[in-house]
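Visitor: This is the structure alone, sequence omitted:
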Ligand SMILES: Nc1ncnc2c1ncn2[C@@H]1O[C@H](COP(=O)(O)OP(=O)(O)OP(=O)(O)O)[C@@H](O)[C@H]1O
């Protein structure tokens, strides 16, 4: 019997033999990966190689895409997240997501952050909710900029502030895993630096998984990197090694800009 390698120590997420199909298109082909807790893992690879598709498997966002089929096994803390007993809405409170384009709700800054704790019944009193909103905005490094205008619309903030608001919204439900799909691609360099700094801080508390097209960003914020190519993970390991001495030719070619 062939033995699979032992999981990475303190793996939060274990994926085994994951396949994703969009109709006839086999977009993810037999992906096996262990993602450690309290660290940032970057998914890199050329356009269309399946990074976002695989990321969406981790909070079952692909369930919402008609014609998309996921096979294999994905465990978070040893629990099969595709088990029938798992409620995807509860799962998404535990596995939060931040998207490419900041997408605050057309509501006040306060209500954007309060929304998750309210619908999941995480607080009992207004004072508790106020506390969660304040703490989440603090963690997202936005509190000082918005504390005097919590009733103003979230959509009125700058792009970088909106993205930090979306991060505050994601962490307000106390997720354990935070998925970020190119979270800085719509931001200018200053806002990008702020969000990157935030990501580095978040890893003390969360398991962060980020899809990025920027090699510099992957090198700056992540401790581990997985290289995707045509639906498979060709190589995965410590970021330093991936960027200085990769084992796979495709990783080498990609990080040196020969394709992608
Ligand atoms: N909603 C969808 N419906 C049908 N096919 C899809 C959908 N989303 C992605 N695909 C297909 O799945 C494959 C992987 O796409 P995916 O967006 O996951 O790649 P990616 O590596 O994240 O790309 P990019 O870096 O350009 O965002 C592609 O062939 C794509 O066309």
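Guide: Looks like it arrived, so ask away. In this text, all values refer to a predicted model and were calculated from it rather than measured experimentally.
Visitor: Could you list the contact residues of the stretch 1-150 of the chain toward the ligand?
Guide: 22, 25, 27, 45, 47-53, 65 (C-beta under 6 Å from any ligand atom). For every residue, glycine as well, the C-beta is placed using N, CA and C.
Visitor: Let's see which of those end up in helices.
Guide: The helices, defined by DSSP state H, take in 51-53 from those.
Visitor: the bottom helix or strand of this structure by mean pLDDT?
Guide: Here the helix or strand of the chain ranked lowest by mean pLDDT, DSSP states H and E is helix 189-202, holding a mean of 90.
Visitor: roughly how far out does that one sit from the chain middle?
Guide: Distance, stretch centre to chain centre, for helix 189-202: 14 Å (C-alpha atoms, centre = their mean, to the nearest Å).
Visitor: Could you check how many residues crowd around the residue lying closest to residue 21 once chain neighbours are set aside?
Guide: Leaving aside its sequence neighbours, residue 21 sits nearest to residue 69 (C-beta to C-beta, 6 or more residues apart in numbering; 4.5 Å). Neighbours of residue 69 under the rule other C-beta atoms under 10 Å: 13.
Visitor: May I ask you to confirm that residue 69 is in contact with residue 24?
Guide: No - Residue 69 lies out of contact with residue 24 (C-beta atoms under 8 Å); the separation is 10.7 Å.
Visitor: In this structure, which residue is most central in space?
Guide: Using C-alpha atoms, centre = their mean, the residue of the chain that lies closest to the mean C-alpha position is residue 179, 1.1 Å off.
Visitor: List of residues touching whichever helix or strand that residue is part of?
Guide: Following DSSP states H and E, one finds residue 179 within strand 177-181. Contacts to strand 177-181, defined as C-beta atoms under 8 Å, 6 or more residues apart in numbering, come from residues 12-13, 52, 55-56, 58-59, 76, 94-100, 167, 170-171, 199, 202, 206-211.
Visitor: List only buried entries from those.
Guide: Among these, those scoring as buried are 12-13, 52, 55-56, 58-59, 76, 94-99, 167, 170-171, 199, 202, 206-211 (criterion: 16 or more other C-beta atoms under 10 Å).
Visitor: Among those, which lie within strands?
Guide: Those of the buried ones among the contacts of strand 177-181 mapping onto strands are 12-13, 76, 95-98, 207-211, per DSSP state E.
Visitor: got JSON lines for those residues, with pLDDT too?
Guide: Output for those, formatted as JSON lines (pLDDT from 0 to 100):
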{"residue": "12", "pLDDT": "95"}
{"residue": "13", "pLDDT": "97"}
{"residue": "76", "pLDDT": "97"}
{"residue": "95", "pLDDT": "96"}
{"residue": "96", "pLDDT": "94"}
{"residue": "97", "pLDDT": "95"}
{"residue": "98", "pLDDT": "94"}
{"residue": "207", "pLDDT": "96"}
{"residue": "208", "pLDDT": "97"}
{"residue": "209", "pLDDT": "98"}
{"residue": "210", "pLDDT": "98"}
{"residue": "211", "pLDDT": "98"}
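Visitor: Nothing else from me, thank you.
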